[in-house]
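Make a model of this:
(one chain, ligands or ions: 1)
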Amino acid sequence: MKILVAVKRVVDSNVKVRVKSDNSAVDIANVKMSINPFDEIAVEEAVRLKEADIAAEVVAVSCGVAQSQEALRTALAIGADRAVLVETSDELQPLSVAKLLKAVMDKEQPQLLFLGKQAIDDDCNQTGQMLAALADLPQATFASKVAVADGKVTVTREVDGGLETVSLTMPAVVTTDLRLNEPRYVTLPNIMKAKKKRLDTTTPADLGVDIKPNLKTLKVMEPPKRSAGIKVPDVAALVDKLKTEAKVI
Ligand code: AMP
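Numbering: from 1, shown residues only. Reported below is the predicted structural model:
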């Protein structure tokens, strides 16, 4: 069984981003970039399935600028076997990424596709769902547990009311949630080994995919500053403020 894992290069989660002075976008010049945390979890899960002899090959795919190779090298260091970079410096929106992943999927023919539930830069939470729709495949989003047996993948999902378990016939799309696993620490020997693993590069044009954006960003703004909290002397004062000021009770 082959697993395809989508990996996005995003601003590192520890970086405090700033909005550009012309309000056109977030300024990502010279900031630390990393593999999207949910994608790291997705790679870890795929590698664990390989280590359990359930998967035979794990292929990591990223779409974006040439430096996305760094995120792919991280995936290879975790244990992916090889990587594919769909290289473009044009803006990529979730629908374009879904189309690119579908084109790679058509070539690779994986049985399982792992994506993160969302990319922490745009927080879209769309790509996995769009890919499943484009490819007409079953999908399970927000996976906190994954088990593969007899051509089916059983996924425990985190939903508002608790947990839901669904069983999908493969090929299928699964998006990963935070509690699925704790990714391993990437060791130096594995980083060195990853440098030698195969990384193929293609382009949207090679794949015959039109990546013209459908959405236009009008303005990007900092969220309003939060005002400082206050201390109330006792419960009665708290209840009074909740009633008269916050008007929530
Ligand atoms: P989003 O819909 O943008 O929140 O992204 C959800 C998931 O789609 C991410 O966690 C990745 O697994 C995948 N994804 C999004 N953008 C890319 C990209 N440029 N390259 C590879 N995978 C991506």
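
residues contacting the residue in the chain positioned nearest to the ligand?
Closest contact between the chain and the ligand, by CB to the nearest ligand atom, is at residue 116 (2.3 Å). Where you see a C-beta, it was placed from the backbone N, CA and C, and this is true even at glycine. Taking CB atoms under 8 Å, 6 or more residues apart in numbering as the criterion, residue 116 is in contact with 6, 8, 36, 37, 38, 39, 41, 42, 128, 175, 176.

partner residues bridging the residue most central in space within the chain?
By CA atoms, centre = their mean, the chain has its centre lying nearest to residue 116, at 3.0 Å. Counting by DSSP bridges, residue 116 is bridged to residue 176.

Farthest pair within the contacts of residue 116?
Maximum pairwise distance in those, criterion CB to CB, is 15.1 Å, between 37 and 128.

The two: which is more packed in?
residue 128 (29 against 18; other CB atoms under 10 Å).

helix or strand for the more buried one, which one?
helix 127-135 (DSSP states H and E).

counting contacts, what elements does whatever helix or strand residue 44 lives in pack onto?
Using DSSP H and E, residue 44 falls within helix 37-51. Helices and strands touching helix 37-51, by 3 or more CB pairs under 8 Å, 6 or more residues apart in numbering; DSSP states H and E, are strand 2-6, strand 57-64, helix 68-78, strand 112-116, strand 139-149, strand 172-176.

Report the angle between it and strand 112-116.
150 degrees (axes from the mean of the first three to the mean of the last three CA atoms, to 10 degrees).

angle of helix 37-51 against helix 127-135?
Using the same axes, to 10 degrees: helix 37-51 against helix 127-135 is 60 degrees.

Would helix 37-51 count as contacting the ligand?
Yes - shown here: helix 37-51 in contact with the ligand (CB under 6 Å from any ligand atom) through 38, 39.

now could you export just the CA positions of that helix as PDB?
Provided in PDB are the C-alpha atoms of helix 37-51 (Å, rounded to 0.1, in the frame of the first residue of the first chain):
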ATOM      1  CA  PRO A  37       2.500  20.900  12.400                       C
ATOM      2  CA  PHE A  38      -0.600  18.900  11.200                       C
ATOM      3  CA  ASP A  39       1.400  17.600   8.200                       C
ATOM      4  CA  GLU A  40       4.200  16.500  10.500                       C
ATOM      5  CA  ILE A  41       1.600  14.500  12.400                       C
ATOM      6  CA  ALA A  42       0.300  13.100   9.000                       C
ATOM      7  CA  VAL A  43       3.900  12.100   8.000                       C
ATOM      8  CA  GLU A  44       4.400  10.400  11.400                       C
ATOM      9  CA  GLU A  45       1.200   8.400  11.100                       C
ATOM     10  CA  ALA A  46       2.100   7.300   7.500                       C
ATOM     11  CA  VAL A  47       5.600   6.300   8.700                       C
ATOM     12  CA  ARG A  48       4.200   4.300  11.600                       C
ATOM     13  CA  LEU A  49       1.900   2.400   9.200                       C
ATOM     14  CA  LYS A  50       5.000   1.600   7.200                       C
ATOM     15  CA  GLU A  51       6.900   0.500  10.300                       C
END
